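>>> Provided below are the primary sequence and the corresponding predicted coordinates.
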Amino acid sequence: MDYNDTPFKSYEFEFDGYPAFAIINSTLDGFDNKAAYPVSVFIGIEPEQVDENGHPSDAEYEYLEAIESRLLEKLKPYDVIYVGHTTIPQRREIIFYIPNDESLIAFFEEWGTTTGRLTDVDIEEDADWENIQAFID
């Protein structure tokens, strides 16, 4: 799926006493087909250069955006839901919901090794989308 024309909304919140941000796909408000995408994928990337709040430097932010763009490009042929990303101190998380498809799960696990940054991929069953409830209506 192509997300270039997708509207996103931004959130500011606090995480461990520091400012944090989320950019979330606003078309997911009221999304009624969650059952088809019962698996959450959180890709956590640790930035190398951060400011006093633990947020990526300008150059690092551009690098993280490029990583995310490359991933979205690779996922165009797949049936996935791109939720968006969060930026918290020392971490960028790119968030997806996917069908329970072993080949797609394997794709994400493998992709996590290609970012050039310390990356972890957290994949879990979340049929009710509880992991992102704070961001969608």
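Noted; the coordinates are in hand.

>>> tell me the SS of the residue of the chain positioned farthest from its centre?
Residue farthest from the centre of the chain, counting by CA atoms, centre = their mean, is E52 at 23.0 Å. With DSSP: H, G, I helix; E, B strand; the rest coil as the basis, E52 sits in coil.

>>> quick one: it from D126, how far?
33 Å (CB to CB, to the nearest Å). C-beta coordinates here come from the backbone N, C-alpha and C atoms, glycine included.

>>> for S103, same thing?
Applying CB to CB, the value for S103 to D126 is 19 Å.

>>> Please identify which of these two sits among more neighbours.
Remark: of S103 and D126, D126 carries more neighbours, 18 against 7, as counted by other CB atoms under 10 Å.

>>> tell me what the longest helix seen in the chain is packed against?
Across the chain, the longest stretch assigned as helix under DSSP state H is helix 58-75. On a contact count with 3 or more CB pairs under 8 Å, 6 or more residues apart in numbering; DSSP states H and E, helix 58-75 meets strand 39-45, strand 81-88, strand 91-98.

>>> just for the chain, where's the confidence low?
In the predicted model of the chain, residues 1-4 satisfy pLDDT under 70.

>>> which residues does F96 form a beta bridge with?
V41, Y82 (DSSP bridges).

>>> That one: neighbour count?
As a burial measure, F96 scores 22 neighbours (other CB under 10 Å).

>>> which ones are touching N100?
38-39, 125 (CB atoms under 8 Å, 6 or more residues apart in numbering).

>>> Restricted to buried residues, select those in PyMOL.
Remark: buried members of these, expressed as a PyMOL selection using 16 or more other CB atoms under 10 Å:
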select buried, resi 38+39
